[in-house]
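In: Provided below are the primary sequence and the corresponding predicted coordinates.
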Amino acid sequence: MEYKNPLGVDIDLETGVIPGAKKLVRRLSDLKGYFADEKAYEELLKENPVVYEVYAVEQEEKDGDLNFATTVLYPGKVGREFFFTKGHYHSKADRAEIYYGIKGKGGMLLQTPEGRAEWIEMGPGTVVYVPPYWAHRTVNTGDEPFIFLAVYPADAGHDYGSIAEKGFSKLVVEEGGEVKLVDNPRWKE
Ligand SMILES: O=P(O)(O)OC[C@H]1O[C@](O)(CO)[C@@H](O)[C@@H]1O
Ligand SMILES: [Fe+2]
């Protein structure tokens, strides 16, 4: 038997950086078609801000193993809609996931393939259980970076397809200084 070596790393709780992790950067241009307000998107694209960064420690895609990653999701809006991660189902749809809030303020938007949406507020210390089959997207509803940890099966994979095409059934927007969930006009089952 070949055993893997255990690993301990210290997440920088201020910046979300995991030393030695693989870094991925997603700018606004990587989120084309994702935001409802296309005019506001084109306008902000001139600056093309970084929307989020991911620091991932990933294993081979094998049954039984675990990956983990921090995400630093920056504050901002496209029109009324708060900055978010792309969001995905898992390629192996029955794989679950755990999120843990580290810093800042936000939430998770989840939905079933039929479009039943749930919103869970997140702050430092919040644990979110993402059950099998639920798509998940995190949203920054605050004015500082929203940082969290995700732990997910190494063979879960990311299925971005349907979310990229039609989004979630709800949009997370600012209305009169408050966070509101409204129907996404582009959503269809
Ligand atoms: O993969 P997305 O939807 O862009 O969101 C990024 C975050 O979600 C994960 O894919 C985990 O579900 C992580 O890699 C990262 O924390
Ligand atoms: Fe996931």
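Out: Looks like it arrived, so ask away. Ligands and ions are numbered 1, 2, ... in the order given.
In: Mind listing the residues bridging to Val54?
Out: Leu24, Thr71 (DSSP bridges).
In: got the contact list for it?
Out: 23-24, 26, 69-72 (Cβ atoms under 8 Å, 6 or more residues apart in numbering). No exception for glycine: its C-beta is placed from N, CA and C like everyone else's.
In: Buried only: go through those residues for me.
Out: The neighbour count (16 or more other Cβ atoms under 10 Å) marks 26, 69-72 as buried among the contacts of Val54.
In: List, out of these, those positioned next to ligand 1.
Out: 69, 71 (Cβ under 6 Å from any ligand atom).
In: In TSV: the buried ones among the contacts of Val54, plus pLDDT.
Out: Converted to TSV, the buried ones among the contacts of Val54 look like this (pLDDT from 0 to 100):
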residue	pLDDT
Arg26	98
Ala69	98
Thr70	99
Thr71	99
Val72	99
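In: Isn't Val72 up against Glu14?
Out: No: at 10.5 Å, Val72 does not count as touching Glu14 under the criterion of Cβ atoms under 8 Å.
In: Let's have the buried ones among the contacts of Val54 in CSV, adding distance to Phe84.
Out: Output for the buried ones among the contacts of Val54, formatted as CSV (distance: Cβ to Cβ, whole Å):
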residue, distance to Phe84
Arg26, 10
Ala69, 16
Thr70, 16
Thr71, 11
Val72, 13
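In: Would you check which pair of the buried ones among the contacts of Val54 lies furthest apart?
Out: Arg26 and Thr70 (13.8 Å; Cβ to Cβ).
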